[in-house]
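1. What would the 3D arrangement of this be:
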Amino acid sequence: MDRLEKDIIKDILAGRTERFEYIARTYGRRVFALIVRIVSCREDAEELAQDVMLKVFTNLGSFRADSSLATWIYRIAYTTAMSHARRSPKREVAVDETTLRAVADESVSELLDAPPDTKLEAALMRAIEALSTEERAMITLHYYENLRLSEICKIMNMTLSNIKVKLMRTRRKLYLMITDEQR
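-> Purely as a prediction, here's the structure:
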């Protein structure tokens, strides 16, 4: 954690609560972006993002700095969004394990890492929307927020090997959903 954030946290805990504005400005939009991709409802995401920022403010004294402030905030956002998503489950696309294992990683990379084109991008967005909340969160944290796998482990409370396997399976699932749609 950088010195500025340490000083701001210290000031807030000492009663200079107006300093929280820095945290809200720095992380508010990123928190909203993560939550809206998990819960898929803008209005719910706005409410949840406000709840998260309130939780951050209220629990700032329990921040131990064993991770970055961003990781800690994302963890709060992730658990808040997942809790909300569990209360309003949505139907997700299931893919057979044998089918997933049969997909070559090269094919997945060729499709998903290709230069963006409007048709592919639209198909990808629809496919992401059909993923489970956990899968959407993982894709969002890794590809949209550009977080390292080690940070995602802390946020999602999983081991590195678990994250790698789930990310690989999710990429394969996206590949299957997109290629199936294009047929």
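
2. buried sites along stretch 87-107?
-> Residues of stretch 87-107 classed as buried by neighbour count (16 or more other CB atoms under 10 Å): 95, 100, 103. For glycine as for every other residue, the C-beta is placed from the backbone atoms N, C-alpha and C.

3. Thr71: which of the residues you listed is nearest?
-> Using CB to CB, Leu100 is the member of those that lies nearest Thr71, at 29.2 Å.

4. That closest one: what's its closest spatial neighbour, skipping adjacent residues?
-> Distances taken as CB to CB, 6 or more residues apart in numbering put Arg172 closest to Leu100, at 5.0 Å, once the chain neighbours are dropped.

5. which ones are touching that neighbour?
-> Applying CB atoms under 8 Å, 6 or more residues apart in numbering, we find Arg172 in contact with 95, 100, 103, 105, 108.

6. From Arg126, how far out is Gln182?
-> 11 Å (CB to CB, to the nearest Å).

7. same deal with Ile163?
-> From Ile163 across to Arg126, the span is 24 Å (CB to CB).

8. the more surrounded of the two?
-> Taking neighbours as other CB atoms under 10 Å, Ile163 and Arg126 compare with Ile163 leading, 20 against 12.

9. if I read this right, that one contacts Asn157, doesn't it?
-> No. Counting by CB atoms under 8 Å, Ile163 stays clear of Asn157, with 10.3 Å between them.

10. Can you show me the helices along the protein?
-> Taking DSSP state H to define them, one finds helices in the chain at 3-13, 20-39, 42-59, 69-87, 97-102, 105-112, 118-129, 133-139, 149-156, 160-182.

11. Using neighbour counts, pick out the buried residues of stretch 43-63.
-> Neighbour count says stretch 43-63 has 44-45, 48-49, 51-53, 56, 60, 63 buried, by 16+ other CB under 10 Å.

12. distance between that stretch and the chain's centre?
-> 16 Å (CA atoms, centre = their mean, to the nearest Å).
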